[in-house]
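# fold the stuff below for me.
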Amino acid sequence: MRHPKNRGPRLLASLLVTTSLAACGTTATPAEPSPTATPHGYVPGATEAAEPRPRLVVADSGSGEVRALDLLTEDVVELGKVEPPRAVHTDGRFAYLATSSGVHVVDGGAWTVDHGDHRHYYHADPAMVGAVRIGPVDDVHGADWGTTLSGPDGPTAVLDRAVLDDGTVPEPVSVEAGPGVPVGDGLVFVVDGSVEVRDLDGELLAEPDTRCIDPGDATAVRSDVAMVSCADGAVIVSEDDGQYRAEHVPHPEGATEVAGEFAHRRGSAVLAAAAGESGVWVLDTAESAWNLLDIGPTVATTAVGADGPVLALDPEGVLRAFDAETGEELAETSLFEDAVEQDTPPVIEVDAERAYVNEAATQTVYEIDYRDGLRVARTFELDIAPTHLVETGR
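Numbering: from 1, shown residues only. This next block holds a predicted model:
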């Protein structure tokens, strides 16, 4: 039985025609402010704002067309065309469109610089930056010092973030230990089942007495915390003042469900991943605790954080919110008119206020207020199929 629709106003996102290059582009930039007026984290060409200026970068896996949607103005910028992307990742500012030959880097044109007790928010024109031809890329992770790119068997390529911030794709540095995920000033690897932390030269920084059997998805949870899923649980690696600690967190006794790809709100400690046909795995990396939500099969899921729900989209296109600890269903709303197309599965991008769900078949992106009963706050209709979606600027 279909559920009642919970629809917000439908908005046809206005399309701004901009000049862009399909492989590598630059944009005109205003004069750089004087040194005395330059705020922390400033990048030439950027404007500082009092609040975030988030944008969605969407890509069509069929045509290769890429767009940037400004969530404040609702304007859409054409960014050009690339090889058909297999996936899209983000480090908070840049989007990385993974193809069979490497990645195309897109500057989302919005980012946040966190100084602990305060934050700076910047925005500039979104643009294509360039491409990195290193072969198939499955994982992308961001750190203050760089972005890591890796395929299923490694090695890990590292892009210098400072060079990216200047609008140029740097020559990648290769670390041969395998697929790695950043934590602190190092990279976490699993080598023959043993967890290691190495620097960008491949030198060993730490070798905790921790094992990870059959490593799966990895996540840079925060700048000082990384997670690697294992067949029997997960390993959480943390860094404090240059010291690294690893902890193996086993699945609850009797659990057999394998965790899929993890997702979470950027900067939060709670992760969520599909658990086969059973439901959703929830991993609280701050509490080192697993929880299995027995909610049935899902096609997309994510966790808002310690004080927020877990969101899950089922195969019929119904979005539901659950309490991360008890599994209690908190709200639901039917988003899709038809069942989810399995060849173009959606994602759920989430920030501190809203969630975004893409429906490629109808060229639509839904904005969801997950704190208000999953109310559909806005509906964006695009001129391409938003097969892939990431949010930048938070």
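# please report the distance of the residue nearest to residue 354 when sequence neighbours are not counted from residue 356.
Leaving aside its sequence neighbours, residue 354 sits nearest to residue 367 (CB to CB, 6 or more residues apart in numbering; 5.4 Å). Placement of C-beta: from N, CA and C, glycine included. As judged by CB to CB, to the nearest Å, residue 367 and residue 356 stand 6 Å apart.
# between the two, who's got more neighbours?
Each of residue 367 and residue 356 has its neighbours counted (other CB atoms under 10 Å); residue 356 has more, 25 against 19.
# what sits against that one?
Residues in contact with residue 356, defined by CB atoms under 8 Å, 6 or more residues apart in numbering, are 56, 348-350, 365-368, 389, 391.
# how about the helices of this protein, start to end?
161-165 (DSSP state H).
# tell me the domain ranges of it?
Using automatic domain parsing, the domain parsing of the chain gives 10-179+251-392, 180-238.
# end-to-end on the last one?
Spelled out, it's domain 180-238. 14 Å (CA to CA, to the nearest Å).
# again, but for stretch 273-285
For stretch 273-285, the end-to-end distance is 13 Å (CA to CA).
# quick one: it to chain centroid distance?
17 Å (CA atoms, centre = their mean, to the nearest Å).
# in it, what counts as buried?
273-275, 278-285 (16 or more other CB atoms under 10 Å).
# keep only those of these that are in strands.
With strands taken from DSSP state E, the overlap with the buried residues of stretch 273-285 comprises 273-275, 279-284.
# from residue 265, how far off is residue 356?
In terms of CB to CB, residue 356 sits 12 Å off from residue 265.
# so what sits against both of those two?
residue 350.
# check contacts around residue 253.
Residue 253 neighbours (CB under 8 Å, 6+ apart): none.
# which of the helices and strands in this structure ranks last by mean pLDDT?
Every helix and strand in the chain was compared by mean pLDDT, DSSP states H and E; the lowest is strand 14-16, with a mean of 41.
# hmm, residue 324 is touching residue 281, no?
No - the criterion here is CB atoms under 8 Å, and residue 324 misses it with residue 281 at 10.9 Å.
# what subset of the contacts of residue 356 is buried?
Counted by 16+ other CB under 10 Å, the contacts of residue 356 give 56, 348-350, 365-368, 389, 391 as buried.
# what residues are shared contacts of residue 324 and residue 281?
272, 291, 293.
# was I right to think the second one contacts residue 324?
In this case it means residue 291. Yes - using CB under 8 Å, residue 291 is in contact with residue 324, at 6.8 Å.
# higher neighbour count, those two?
Set residue 291 next to residue 324 and count neighbours by other CB under 10 Å: residue 324 wins out with 23 against 19.
# where does the prediction get shaky in this structure?
Scanning the chain for pLDDT under 70 picks out 1-42.
# hmm, back to that, got any residues that touch both of residue 291 and residue 324?
Residues touching both residue 291 and residue 324 (CB under 8 Å, 6+ apart) are 282, 284.
# what's the neighbour count on residue 118?
By other CB under 10 Å, the residues close to residue 118 number 8.
# OK, contacts around it?
Residue 118 makes contact with no residue, according to CB under 8 Å, 6+ apart.
# okay, it and residue 93: tell me how far apart.
18 Å.
# equivalent analysis for residue 51, please.
Per CB to CB, residue 51 is found 16 Å from residue 93.
# now swap in residue 47 and tell me
14 Å.
# which one's more surrounded, those two?
residue 93 (25 against 11).
# the more buried one contacts residue 108, doesn't it?
Yes - contact criterion CB under 8 Å: residue 93 and residue 108 qualify, at 5.9 Å.
# quick one: common contacting residues for these two?
Contacts common to residue 93 and residue 108, judged by CB under 8 Å, 6+ apart, are 392-393.
# next up, the contacts around residue 69.
Residue 69 neighbours (CB under 8 Å, 6+ apart): 13, 55-58, 75-76, 365, 380, 382.
# pull out the buried members of those residues.
13, 55-58, 76, 365, 380, 382.
# export those to JSON lines and tack on distance to residue 217?
Shown next, in JSON lines, are these (distance: CB to CB, whole Å):
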{"residue": "13", "distance to residue 217": "32"}
{"residue": "55", "distance to residue 217": "26"}
{"residue": "56", "distance to residue 217": "23"}
{"residue": "57", "distance to residue 217": "21"}
{"residue": "58", "distance to residue 217": "23"}
{"residue": "76", "distance to residue 217": "31"}
{"residue": "365", "distance to residue 217": "24"}
{"residue": "380", "distance to residue 217": "29"}
{"residue": "382", "distance to residue 217": "29"}
